[in-house]
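J.: I need the structure of the sequence given here:
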Amino acid sequence: MPDSLVPPVDLELRLVRYFTVVAEELHFGRAADALHLAQPSLSRQIRRLEHQLGARLLDRTPRGTRLTEAGTVFLPQARELLRTAGRAAASTRSAAAQGTFTVGYTTNMIVTPAVRELRHRHPAADVRTLHVDWNEPRDALLDHRVDVVVTRFLFSADDLDITVLYDEPRVLLVPLGHRLAGKESVTLADFADEPLPRFTGADRIGANPPGHTNLGPVVETLEDKLELVASGEVVSLAPAGFRGNVRPDITLVPVEDADPVQVVLAARAGDLHPLGTAFRRAAEAHLVPDGAARTPRPGTRTGAGRRADPGESR
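T.: Model prediction:
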């Protein structure tokens, strides 16, 4: 019979548990002792369950108690019902203790596979996602807008835990018609005299190559940077994963000797959210491209708070 046609039955889990104990003991007296109940009371509770089910589950004989055919059929299902109820209660209590868990991500960072895995393993948890602006991963964490963020490592790691997921090569953004457009690759020396965007604050640490002093206008948004590149005012480094955001009047050229940027999972240092470790494992399993390198910089530690190293622009 399809589930939609099965009439609902209001079963009391307490009575189901009483039945399983009697079925295991096959003796009402021993079962009553195990349940800390009076034997007459236990007998009444079993009759109530039989009434709810519309079937006799147990027969008393001179030699004790035995399961009826209906009781034999119901026993494994009763045990599974109790296990399911126990799991539901445990996961609900866990979710209530955890509260909301918010996964942040910046442009071009796809977190879906890891989030899907986390939700699958913790179905009762309230797992959410939130896009974070390119210059706000650190602030979003410290302001508790997100619990973790998958991003490129271009900010101070003070008060944060950083797990390196993989290294991402860098490319150079140039306008169509630029002297370097169309080359198979370039080196840092090839554009050493070209103006690069100027970034302010601590959110673009390592956005430009060390020692590059020819800096153009200050940029605050991704769109501003692209406009400056397209108009020929600057060229700019970017992660290789930026390809999907390129305007038709801009082209990308791989940079042979630029340090790769680290794609990382960042969290607040010492944060003991129960889902933090679970998401880190999911991120390492599902967000690292096949064959991707993971090279911590000298003096840093994977998975621990640390100071930032040079990376690349958004």
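J.: what about the stretch 1-150 of the chain, any weak spots by pLDDT?
T.: 1-9, 90-98 (pLDDT under 70).
J.: if you go through it in chain order, where are the helices?
T.: Taking DSSP state H, counting those that start in this stretch, the helices of the stretch 1-150 of the chain run over residues 13-25, 28-35, 39-53, 69-98, 112-121, 137-142.
J.: Can you add mean neighbour count and give those back as JSON lines?
T.: The way it works is simple: take the backbone N, C-alpha and C, and place the C-beta from them, glycine included. Formatted as JSON lines, those follow (neighbours: other C-beta atoms under 10 Å):
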{"stretch": "helix 13-25", "mean neighbour count": "18"}
{"stretch": "helix 28-35", "mean neighbour count": "17"}
{"stretch": "helix 39-53", "mean neighbour count": "16"}
{"stretch": "helix 69-98", "mean neighbour count": "14"}
{"stretch": "helix 112-121", "mean neighbour count": "16"}
{"stretch": "helix 137-142", "mean neighbour count": "20"}
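J.: was I right about Leu53 contacting Val73?
T.: No - using C-beta atoms under 8 Å, Leu53 makes no contact with Val73, being 10.5 Å away.
J.: how far does stretch 209-219 sit from the chain's center?
T.: 35 Å (C-alpha atoms, centre = their mean, to the nearest Å).
J.: Please read the previous query as pertaining to stretch 162-175.
T.: That offset, for stretch 162-175, works out to 21 Å (C-alpha atoms, centre = their mean).
J.: Ends of that stretch, what's the gap?
T.: 35 Å (C-alpha to C-alpha, to the nearest Å).
J.: now stretch 29-40
T.: Length of stretch 29-40, first residue to last, C-alpha to C-alpha: 9 Å.
J.: ok, residues contacting it?
T.: Residues from elsewhere that reach stretch 29-40 (C-beta atoms under 8 Å, 6 or more residues apart in numbering): 18, 21-22, 24-25, 28, 41-42, 45.
J.: which ones are touching the residue nearest to His286 when sequence neighbours are not counted?
T.: Excluding the flanking residues, the one nearest His286 by C-beta to C-beta, 6 or more residues apart in numbering is Pro113, at 3.8 Å. For Pro113, the contact set (C-beta under 8 Å, 6+ apart) comprises 282, 286-287.
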